[in-house]
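**Student:** With the sequence up front, the predicted model follows.
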Amino acid sequence: MTTAQWPGLFISFEGIDGAGKSTHIGALAAAFKAKGRAVTLTREPGGTPLAETLRTLVLNDAMDPLTEALLMFAARRDHLSCVILPALARGDVVLCDRFTDATFAYQGGGRGFDEAVLKQLEIMVQGTAGLDATLLVQPELTVWFDLAPEEAAKRLAGARVPDKFESQPVEFFRRVADGYARRFIAEPRRFARIDAGQTQSAVWQDVHAVFVAKGWLV
Ligand code: TYD
């Protein structure tokens, strides 16, 4: 299930660390507001006081892969029920910096954690109780900033102090990028793939064009 059944619009943004999504998410928020839309700008892991506490733990503390996956989904559950679903019910445009594709890419691809277990957790957290278990709350559009891991590593070098994920070697990000590619191949209609290796203004033009083509920013 997409969120089309709600008056709001649920959009997520994905990519490996260094892909440069943040500036464009901010610009989209401004563009939607200029059209008179209410915008909920949020992120994962995080977006609620509880989920932000979990974010601090999961981005900084060492833990086994199952604990890491469970904390990502625990944060997501709180975020969905306290922020995302109420915002969609109000009619907001929800711009979410990362969502479940990140768990499949980082914990599944990067860490090599069992994707069948992630799938079960996805159904538990995003499933609609009492309905078909394959019906999940999912973004209507996922903008994927696709960047070569070697290029992302260059961009990250010398930037701020890296967190637990940012300090992983380039091989980790190759597996994360492959994880994103698998999600894209499985659900191509949900994704807009953006070549994030271009200049910032060319990336913005491509991102903006996707939203115009959807009829959301005309
Ligand atoms: P990020 O979104 O890049 O925020 P910032 O720009 O502040 O660094 O950082 C979140 C990190 O968490 C990123 O490295 C990806 C990771 N992550 C996962 O490993 N699994 C998940 O499910 C999510 C949502 C994020």
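**Tutor:** Yep, it's here.
**Student:** From here on, just use CA atoms for contacts and neighbour counts.
**Tutor:** Will do.
**Student:** For stretch 203-216, output the C-alpha coordinates as CSV.
**Tutor:** Extracted in CSV, the C-alpha atoms of stretch 203-216 (Å, rounded to 0.1, in the frame of the first residue of the first chain):
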residue,chain,number,x,y,z
VAL,A,203,21.1,17.4,-9.4
TRP,A,204,18.5,20.0,-8.2
GLN,A,205,17.2,20.3,-11.8
ASP,A,206,16.7,16.6,-12.0
VAL,A,207,15.0,16.4,-8.6
HIS,A,208,12.7,19.3,-9.3
ALA,A,209,11.8,17.8,-12.7
VAL,A,210,10.6,14.6,-11.0
PHE,A,211,8.3,16.6,-8.7
VAL,A,212,7.0,18.6,-11.6
ALA,A,213,6.4,15.5,-13.7
LYS,A,214,4.3,14.0,-10.8
GLY,A,215,2.2,17.2,-10.9
TRP,A,216,3.2,18.1,-7.3
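**Student:** Give me the below-cutoff pLDDT ranges for the chain.
**Tutor:** For the chain, the stretches flagged by pLDDT under 70 are 1-4, 129-134.
**Student:** If we use 50, what do you get?
**Tutor:** Low-confidence segments of the chain, defined by pLDDT under 50: 1, 3.
**Student:** need the helices for it, in chain order.
**Tutor:** Per DSSP state H, the chain carries helices over the ranges 22-34, 49-60, 65-79, 85-90, 100-102, 115-126, 149-156, 170-186, 200-213.
**Student:** Kindly reformat the ones you listed as TSV containing distance to the ligand and mean neighbour count.
**Tutor:** Listed next are the helices of the chain as TSV, based on distance: least, C-alpha to the nearest ligand atom, whole Å; neighbours: other C-alpha atoms under 10 Å:
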stretch	distance to the ligand	mean neighbour count
helix 22-34	7	15
helix 49-60	6	16
helix 65-79	5	19
helix 85-90	17	17
helix 100-102	4	23
helix 115-126	10	16
helix 149-156	10	16
helix 170-186	9	18
helix 200-213	16	15
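**Student:** who wins for proximity to Trp6 among those?
**Tutor:** Minimum separation from Trp6 across the helices of the chain (C-alpha to C-alpha) falls at helix 85-90, 5.7 Å.
**Student:** Show me what the closest one is packed up against.
**Tutor:** Counting contacts by 3 or more C-alpha pairs under 8 Å, 6 or more residues apart in numbering; DSSP states H and E, helix 85-90 packs against strand 93-97.
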